[in-house]
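>>> pasting a predicted model and its sequence here:
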Amino acid sequence: MTMLDSINELWYLPRELVSDGFDQALTRLAQEIPMRIHHYPSGEQCWTWRIPEKWTCQAAYLETLGGKRLIDYADHPLHVVSYSLPFVGVVGRDELLEHLHVHPRLPDAIPFVFKYYERNWGLCCPQTLRDQLNDEQYRVVIRTHFEPGELKIGEVVIPGQSPQTFMLVAHLCHPAMVNDDLTGVVVGIEVAKALLRQAQEGDKPYYTYRLLILPETIGSVAYLSHHEHLIPDMAGGIFLEMLGNASPHALQHSFQPHSQADRCLSMSLQSIDLQSYTGAYRSVINNDERQFNAPGVRVPMLSLSRVEPPESPTRPYREYHSSADTPAIVSQERLEASRDLILGLINAWEHNQFVVNRFKGEIFCSGYGIWVDYRTNPEGHRRLFDIMERCDGEHTVADIATELQISFQAVWEVVQMLESKELVRLSRTPESTDPHR
Amino acid sequence: MTMLDSINELWYLPRELVSDGFDQALTRLAQEIPMRIHHYPSGEQCWTWRIPEKWTCQAAYLETLGGKRLIDYADHPLHVVSYSLPFVGVVGRDELLEHLHVHPRLPDAIPFVFKYYERNWGLCCPQTLRDQLNDEQYRVVIRTHFEPGELKIGEVVIPGQSPQTFMLVAHLCHPAMVNDDLTGVVVGIEVAKALLRQAQEGDKPYYTYRLLILPETIGSVAYLSHHEHLIPDMAGGIFLEMLGNASPHALQHSFQPHSQADRCLSMSLQSIDLQSYTGAYRSVINNDERQFNAPGVRVPMLSLSRVEPPESPTRPYREYHSSADTPAIVSQERLEASRDLILGLINAWEHNQFVVNRFKGEIFCSGYGIWVDYRTNPEGHRRLFDIMERCDGEHTVADIATELQISFQAVWEVVQMLESKELVRLSRTPESTDPHR
Amino acid sequence: MTMLDSINELWYLPRELVSDGFDQALTRLAQEIPMRIHHYPSGEQCWTWRIPEKWTCQAAYLETLGGKRLIDYADHPLHVVSYSLPFVGVVGRDELLEHLHVHPRLPDAIPFVFKYYERNWGLCCPQTLRDQLNDEQYRVVIRTHFEPGELKIGEVVIPGQSPQTFMLVAHLCHPAMVNDDLTGVVVGIEVAKALLRQAQEGDKPYYTYRLLILPETIGSVAYLSHHEHLIPDMAGGIFLEMLGNASPHALQHSFQPHSQADRCLSMSLQSIDLQSYTGAYRSVINNDERQFNAPGVRVPMLSLSRVEPPESPTRPYREYHSSADTPAIVSQERLEASRDLILGLINAWEHNQFVVNRFKGEIFCSGYGIWVDYRTNPEGHRRLFDIMERCDGEHTVADIATELQISFQAVWEVVQMLESKELVRLSRTPESTDPHR
């Protein structure tokens, strides 16, 4: 089953924070890859948060007093505000309009509106429809139901050689939408599948990887607060979302832009995808990476998404949080490109170690067959020596790339060649070789 | 008695380094507030300095040989150079002019000239008068007297909960002038009164405060060299001067611009007084703060004064060091504004602590009633999270303000709100909550 | 014997890496100054390198088939590629041209070409001659000889009070050329002579100085790999080369631009030679300093040479690596200026210590006769206080100069004056006097 197949199957489900729709999608995804499902009951305290109730919408519609149905949840799950209170009654036009939400930019689309913690009732419709509501009164029927339930989180673990962990996180709680958020989920699963396959083929990764599929924010808080013992081992991570649309990849830095995760991923990005760009923490898009970067957790968690450039008026993307976010705006090809990019970043991350020189002085390059003639290739000569002189047990590959402002891969290529000649070795911890230390 | 009343009573006294005029003024001020007077005898060694002798001028005048008196100390204390040697004799015009000082900018004013350590005789007069001296010879009479005395320092202590101390310092040794230096003294006393009052009302400050009223430079050296045991507890301070004229407030940084005192006071300033500005160490005005910032002392000591902007030709202010520095150029209103500004800075200083998160992850803002909607108030939302994510036991309020380049008060408002919800606590020492440390 | 005399005597010798010409020159130089000669046999492993064989050229020429000799090693040592393989035979024009090297910029000069580790045969001639080779075939005779020999290194030691060492290094292996490299050698010897003389006159330096005269690169590797125990004591150094031509002095920083050696030498340079300039590591010229700066050695080793400015098309200098590099382009006067500059830098280096205040607070300048009046000399006043307030046991003279961006000498002058008044003392290690530490 391709990623697009999964999307086509699951996108229209009313995947709410705690809901049958969410559970149904998660159960289906668990058939794709070995997944542990965590359950957290409604009302449970998670740090400063509380697990919300399960929410179900049986019916929701707007009628004229004459019984003409204008808006119907049966037509589209976005017609009702997520976690709307139930409401049945005849309301005046003005009161109705206060509860009837439209999209700020797309007049023909139904907006995605949620009121998880601000209890109220509400319906959503296109601006064009709202503009035609000229009757004095309308009849509103919202039959929603709040009840104790269980928040569910799917966790896929690829055990590594080390307990040090790299996190992959995506949320699944955006009903009847695709790019945000189902694309992050299916790409995350494909990445996990590839890592599992590599591990099964005997290429066990150094880092342990954990993919979490969860409802936004409260899911991350629920998981982290129940797994505090794992946090000190979380060395980095990426949040995944919006990976099917046609915008360039944007890598958003963590709260700690000098972390090894930040240096390694950002210096790797461009040589895998020339169109990509990077942005500061919280400058591109806000999602679960915030919980991981927050005080008391402080995991350097980046995020990857396809986002229009900062100056674009439709940023993050035109169909964002609307009924226009359908399978039509994503492509299997772009999903695969995102998967491959993430695997490329992870590949760099696995290789990012301290480079310890086994040589002293400069290497006798001619003797090792690695001489680059400065007369015929001055750039290559300079780069070889730029890198070589930083192999001192105090710099990681990412540190060298950052200092030289060249790609991680360019450094790695030289380091790997030096390693193959037994001129350097790689170490997970710094080991200075300066005799003056 | 208002500050202006004190000024009117004391300004005209011949307040010299060690002198009856100084003592008289200090004794009078000691009636305003409980004050300990320190006495240091002439000749005593203080670090590399020595306490000067007491100096008195009985009479000083310039006459034509015909007996016409042109300049007379009886008319104004500034007519004689402070610490001038005695001299009686008939001198040629050229020799006289070498000893007759005028103001560089104000032709009608008598300048303030002092020769504390370069022993010489001298008189001072307006440029206009000097220009009319066409006789070949003049008669000079300067009857001054040097004798062993005692340098006096007034010290007001407001005990705090902690021995950690904040210093307030002003000098009193500028004869017959007002803005420089009496305004700093009277404002300092009013600040001390307010702090004492607060303490008596049960609001004991965290820091101990010491206000010193002393002769410039040698007073600070005398005090510090006799109280070396107090220096390690001096956490910061402000020197006060020129607080009655119409220029904007200038806060001058200490030698250690990244100290907590520097960060806290500079980030507080603007939101208390929009017209104020800051300057680097020794870029605004030089006074006793130099002794506190100097090697072997290294107290981060700022200074506050009302000073014309750097490009002004009359900087620090037009009447500086002249007989034009009279009560006419200061106002009670401005003195009170300066007092209130200092109390505002001290208020920030008292609150400046490390902010330790009692939460982990992001706070459930809706649950605590502190949610700021990013759709309706994106700035407020961003600021709340900018501050919240730095509450990690490693940043003080001033550190957060400095990092975000917003006012101390803006940060404090949020921190206080979080504290009231028991989401953070304040600590005088860093306490990292990063589980990776 | 002047430096120019030495040059005239030795420059034309075929000084190859391991060769009789090199040994002959070194033996002659050892008569100038007490020198220890180190011997390293061909084939010996030195870190990643191996000592090359001794190379001799008995004869090398190019003839027409008719026997007309066009190029002859007997005419100039540069006519054969250094370390060329032997070759005798008739070759076609195209094949010949692949082995016949010319200078990239100078059509009338023979280039200096070496193939130490890329074994091949080759001749060198002027571009003008090469352009006239129109015959179909030519006869080549290259009678060179490879045999086991000994690489030689001359070492001059000036023992200091401390084992901490400053290195002076120059190479001697450029056959029949002068500015590069003989000038560095003769200037280095003159510097060593001056230091020895000072030491014999009872002015024993604090640092130990070692001057090395060696074949480029492999000489440094041979020495360092056999003296690893000395490396931790090597605190800095300068590589010397190209010191006779008419370009300005260029001081190239080490790999560690914040080292005391870098700070001290760079802040001293300009006040000794106004025309001089500085450049980043490896931005001016590449030589043996690379081995000293390399991983596992990490000595902050600068280099000094006379080099045209970066934008010059003939950089480093017009006659570089060619037969035009003769005694005609150097002058005794410039060699002496370079020697004096180096002695000036060493003088600063000797004086560069941590300045520990014996005073607290500001110094009573008038009392010590060092007062600079801010009214008549505001610059001098400011500088005195700028320096004084950094005398705190945490700053070296070079640190103060770097912070203030003034010359080392300007700071040293004030520090020396303060030391003569017993107001500061100098220390080879930091000793903070801040009572808050």
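Thanks, I have it.
>>> tell me where chain A has helices.
With DSSP state H as the criterion, chain A has helices at A:3-10, A:20-29, A:93-99, A:127-130, A:182-200, A:218-226, A:260-272, A:289-293, A:332-351, A:378-388, A:397-404, A:408-420.
>>> so which elements touch the helix or strand bottoming out on mean pLDDT in chain A?
Lowest mean confidence among the helices and strands of chain A (mean pLDDT, DSSP states H and E): helix A:378-388, at a mean of 93. For helix A:378-388, the packing partners by 3 or more CB pairs under 8 Å, 6 or more residues apart in numbering or on different chains; DSSP states H and E come out as helix A:397-404, helix A:408-420. For the C-beta atoms, the positions are set from N, CA and C on the backbone; glycine is no exception.
>>> just name the most buried of those helices.
helix A:397-404 (a mean of 22; mean count of other CB atoms under 10 Å in any protein chain shown).
>>> centre of the chain to that helix, how far?
In terms of CA atoms, centre = their mean, to the nearest Å, the centre of helix A:397-404 is set 25 Å apart from its chain centre.
>>> in terms of secondary structure, what does that helix contact?
With contacts taken as 3+ CB pairs under 8 Å, 6+ apart, helix A:397-404 sits against helix A:260-272, helix A:332-351, helix A:378-388, helix A:408-420.
>>> let me see the mean pLDDT of the second one.
Going back to what we said before, that points to helix A:332-351. Computed over helix A:332-351, the mean pLDDT rounds to 98.
>>> burial measure for residue A:343, as a count.
15 (other CB atoms under 10 Å in any protein chain shown).
>>> look up how far chain C lies from it.
Going from residue A:343 to chain C by CB to the nearest CB, to the nearest Å gives 32 Å.
>>> kindly report the same for residue A:63.
On the measure of CB to the nearest CB, residue A:63 and chain C end up 76 Å apart.
>>> mind listing the residues bridging to that residue?
residue A:69, residue A:139 (DSSP bridges).
>>> who touches it in this structure?
Residues in contact with residue A:63 (CB atoms under 8 Å, 6 or more residues apart in numbering or on different chains) are A:69, A:70, A:138, A:139, A:141.
>>> not counting its neighbours along the chain, what's nearest the residue nearest the centre of chain A?
Nearest residue to the geometric centre of chain A (CA atoms, centre = their mean): residue A:240, 1.6 Å. Nearest in space to residue A:240, with sequence neighbours left out and distances taken as CB to CB, 6 or more residues apart in numbering or on different chains, is residue A:184 at 3.7 Å.
>>> what's the neighbour count on that neighbour?
For residue A:184, using other CB under 10 Å, the count is 30.
>>> and if you look at residue A:128?
Neighbour number of residue A:128 under other CB under 10 Å is 11.
>>> surely it and residue A:110 touch.
No: the pair residue A:128 / residue A:110 is not scored as a contact, 10.9 Å apart, by CB atoms under 8 Å.
>>> sorry, back to before: among the helices and strands packed on helix A:378-388, which comes closest to residue C:354?
helix A:397-404 (29.4 Å; CB to CB).
>>> who touches that closest one?
With CB under 8 Å, 6+ apart as the criterion, helix A:397-404 contacts A:260, A:263-264, A:267, A:348, A:351-353, A:355, A:383, A:386-387, A:390-391, A:395, A:407-408, A:410-412, A:415.
>>> got it, and stretch A:218-229?
For stretch A:218-229, using CB under 8 Å, 6+ apart, the contacting residues are A:17, A:38, A:40, A:44, A:46-47, A:49, A:51-52, A:116, A:151, A:153, A:155, A:169, A:171, A:173, A:212, A:214, A:231, A:288, A:291-292, A:297, B:360-362, B:364, B:435.
>>> just the buried ones from these?
A:17, A:38, A:40, A:46-47, A:49, A:51-52, A:116, A:151, A:153, A:169, A:171, A:173, A:212, A:214, A:231, A:288, A:291-292, A:297, B:360-362, B:364, B:435 (16 or more other CB atoms under 10 Å in any protein chain shown).
>>> up against chain C, what does chain A have?
A:357, A:359-364, A:366-368, A:371, A:382, A:385, A:388-392, A:423, A:433-436 (CB under 8 Å from any CB of the partner chain).
>>> which of those are buried? Put it as a PyMOL command.
To isolate the buried members of the residues of chain A next to chain C in PyMOL, using 16+ other CB under 10 Å:
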select buried, chain A and resi 357+359+360+361+362+363+364+368+385+388+389+390+391+392+423+433+434+435
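>>> which stretch in the helices of chain A is the model least sure about?
Among the helices of chain A, helix A:378-388 scores lowest, at a mean of 93.
>>> which ones are touching the residue lying closest to residue A:64 once chain neighbours are set aside?
Once flanking residues are discounted, residue A:64 sits nearest to residue A:135: 5.8 Å by CB to CB, 6+ apart. By CB under 8 Å, 6+ apart, residue A:135 lies in contact with A:64, A:65, A:93.
>>> pick out the residue of the stretch 101-250 of chain A closest to chain B.
Nearest residue of the stretch 101-250 of chain A to chain B: residue A:117, at 3.5 Å (CB to the nearest CB).
>>> ok, the closest residue to that residue other than its chain neighbours - contacts?
Once flanking residues are discounted, residue A:117 sits nearest to residue B:366: 3.5 Å by CB to CB, 6+ apart. By CB under 8 Å, 6+ apart, residue B:366 lies in contact with A:116, A:117, A:118.
>>> and the second one, how many residues sit next to it?
So the one you mean is residue A:117. For residue A:117, using other CB under 10 Å, the count is 15.
>>> please report how far residue A:40 lies from residue B:360.
According to CB to CB, to the nearest Å, residue A:40 and residue B:360 sit 16 Å apart.
>>> same deal with residue A:150?
Residue A:150 is 22 Å from residue B:360, by CB to CB.
>>> and residue A:330, how far is that from residue A:38?
28 Å.
>>> can you check residue A:420 too?
Distance from residue A:420 to residue A:38, by CB to CB: 44 Å.
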